[in-house]
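Asker: sequence below, structure please.
(4 chains)
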Protein chains: 2
Amino acid sequence: MDDQQLKLNNQICFPIYSVSRLITKAYKPFLEEMGLTYPQYLVLLILWENDKLLINQIGEKLLLNTNTLSPLIKRMEKMGLLMRRRSEKDERKVFIKLTKKGRGLKNSAIPIPEKLLNTLLTEDIKLTEVMLLKDTLNKWVEILSKK
Amino acid sequence: MDDQQLKLNNQICFPIYSVSRLITKAYKPFLEEMGLTYPQYLVLLILWENDKLLINQIGEKLLLNTNTLSPLIKRMEKMGLLMRRRSEKDERKVFIKLTKKGRGLKNSAIPIPEKLLNTLLTEDIKLTEVMLLKDTLNKWVEILSKK
DNA sequence: TATATTTGTATCGTGCACGATTTAATTTTG
DNA sequence: CAAAATTAAATCGTGCACGATACAAATATA
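Answerer: Take a look at the predicted model:
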């Protein structure tokens, strides 16, 4: 039976799934200092770039729906990182805005990308490879998220 | 403030995390026909290659611990895909073995890798790129899982 | 051979993901 | 304008992930 393609080593998804989890794990010590999970960190990254967003707009950027984001954002509200406020013009909309505390965390986050990069780089993983992978995967995100 | 590296587009982890979820989603229609989730499919891939394994051995291959695998495997046992049997020589060990049903699913799975590849390939994603990415990420798994 | 340590698995609690459904507000349409 | 359709967010249920802990069996050690 021609089952070579069913071997774990030949799968395309398995290494992506594993590397995703391994890199999230690599972030963990840095994020724990800030009391954040990785998805919460992603929400902050977006809010540091955009001061005021709807839940849907955050979802578009992270490719997550409200069934994931609503509870996640409520947890972040409870942590004092952000505020939720209903739009007055359209009561269906909920604007998300950082609190001072949420904005303040940015300073602690500044060194993280470089620290993470350093944990990735080894004899066998060069900077050019990381950058190439990043560009390739960003392209994939574009293509696959539109399907 | 030098915060370029904090922009979502410059993150290395975000595209990996997103592509991982997007590809898992691409598997979904094929796996649903078989009544499987993606992690369950991974367990089957391993058991199709190795008839009889300890939970730990499955975990080593998938980089998952028993706190994830134990309930997952119990669900698969309930679905009639595999059996758990305590070793008689060492009562701590639990051997996992496919049932006939679990072995039989392999035939339905044979076409999946090619189907999935076809949903990935576009004008902008060539086969060589997929293969290169797979090899790079497999190398990363090796390196990162040993840290 | 008791005791301590290690090993293999299971359990617990929390936080995502995500399909499906619900609810309420707004917009469109007959 | 009233009914239908759409939109934005929330909720529900299930299944991972994973740190921490528990527990029993096996092994090592004093």
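Asker: could you list the buried residues of stretch A:127-141?
Answerer: Going by neighbour count (16 or more other Cβ atoms under 10 Å in any protein chain shown), the buried part of stretch A:127-141 is A:Val130, A:Leu133, A:Lys134, A:Thr136, A:Leu137, A:Asn138, A:Trp140, A:Val141. Where you see a C-beta, it was placed from the backbone N, CA and C, and this is true even at glycine.
Asker: give me the helices and strands touching the helix or strand harbouring the fifth one, please.
Answerer: Right, A:Leu137. Using DSSP states H and E, A:Leu137 sits within helix A:127-145. If you count contacts as 3 or more Cβ pairs under 8 Å, 6 or more residues apart in numbering or on different chains; DSSP states H and E, helix A:127-145 packs onto helix A:112-120, helix B:13-33, helix B:127-145.
Asker: could the C-alpha coordinates of that helix be exported in CSV?
Answerer: Taking Å, rounded to 0.1, in the frame of the first residue of the first chain, the C-alpha atoms of helix A:127-145 are listed here in CSV:
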residue,chain,number,x,y,z
LEU,A,127,18.8,34.9,11.0
THR,A,128,18.3,34.8,7.3
GLU,A,129,16.3,31.5,7.6
VAL,A,130,14.1,33.0,10.4
MET,A,131,13.4,36.0,8.2
LEU,A,132,12.7,33.9,5.1
LEU,A,133,10.4,31.7,7.1
LYS,A,134,8.6,34.7,8.5
ASP,A,135,8.0,36.1,5.0
THR,A,136,6.9,32.8,3.6
LEU,A,137,4.4,32.2,6.4
ASN,A,138,3.1,35.8,6.3
LYS,A,139,2.4,35.2,2.6
TRP,A,140,0.6,31.9,3.5
VAL,A,141,-1.5,33.6,6.0
GLU,A,142,-2.6,36.1,3.4
ILE,A,143,-3.5,33.3,0.9
LEU,A,144,-5.0,30.8,3.3
SER,A,145,-7.1,33.3,5.3
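Asker: my guess is A:Asn62 contacts A:Val43. True?
Answerer: No Asn there; residue A:62 is Leu. Yes. Counting by Cβ atoms under 8 Å, A:Val43 is a contact partner of A:Leu62 at 7.2 Å.
Asker: overlap in contacts of these two?
Answerer: A:Leu69 (Cβ atoms under 8 Å, 6 or more residues apart in numbering or on different chains).
Asker: who has more neighbours, the two?
Answerer: A:Val43 (25 against 21; other Cβ atoms under 10 Å in any protein chain shown).
Asker: that one and chain B: what is the separation?
Answerer: The gap separating A:Val43 from chain B is 10 Å, by Cβ to the nearest Cβ, to the nearest Å.
Asker: in space, what's closest to that residue - neighbours in sequence excluded?
Answerer: Excluding the flanking residues, the one nearest A:Val43 by Cβ to Cβ, 6 or more residues apart in numbering or on different chains is A:Ile58, at 6.2 Å.
Asker: can I assume A:Ile96 sits in a strand?
Answerer: Yes. Looking at A:Ile96 with DSSP: H, G, I helix; E, B strand; the rest coil, it is inside a strand.
Asker: phi and psi next, for A:Lys93.
Answerer: A:Lys93 has phi and psi values of phi -80, psi 140 when expressed as degrees, to the nearest 10.
Asker: before we move on, what about A:Thr99?
Answerer: According to degrees, to the nearest 10, the main-chain angles of A:Thr99 amount to phi -90, psi 180.
Asker: who's in contact with the nearest residue to A:Thr119 once chain neighbours are set aside?
Answerer: Distances taken as Cβ to Cβ, 6+ apart place A:Ala26 nearest to A:Thr119, at 5.1 Å, with adjacent residues excluded. By Cβ under 8 Å, 6+ apart, A:Ala26 lies in contact with A:Leu116, A:Thr119, A:Leu120, B:Leu144, B:Lys147.
Asker: next to DNA strand C, which bits of chain A? Give me the list.
Answerer: Within chain A, the positions lying close to DNA strand C (Cβ under 7 Å from any atom of the strand) are A:37-40, A:63-68, A:71-72, A:75, A:89-92.
Asker: show me which of the residues you listed are buried.
Answerer: Among the residues of chain A next to DNA strand C, those scoring as buried are A:Thr37, A:Tyr38, A:Pro39, A:Gln40, A:Leu63, A:Leu64, A:Leu72 (criterion: 16+ other Cβ under 10 Å).
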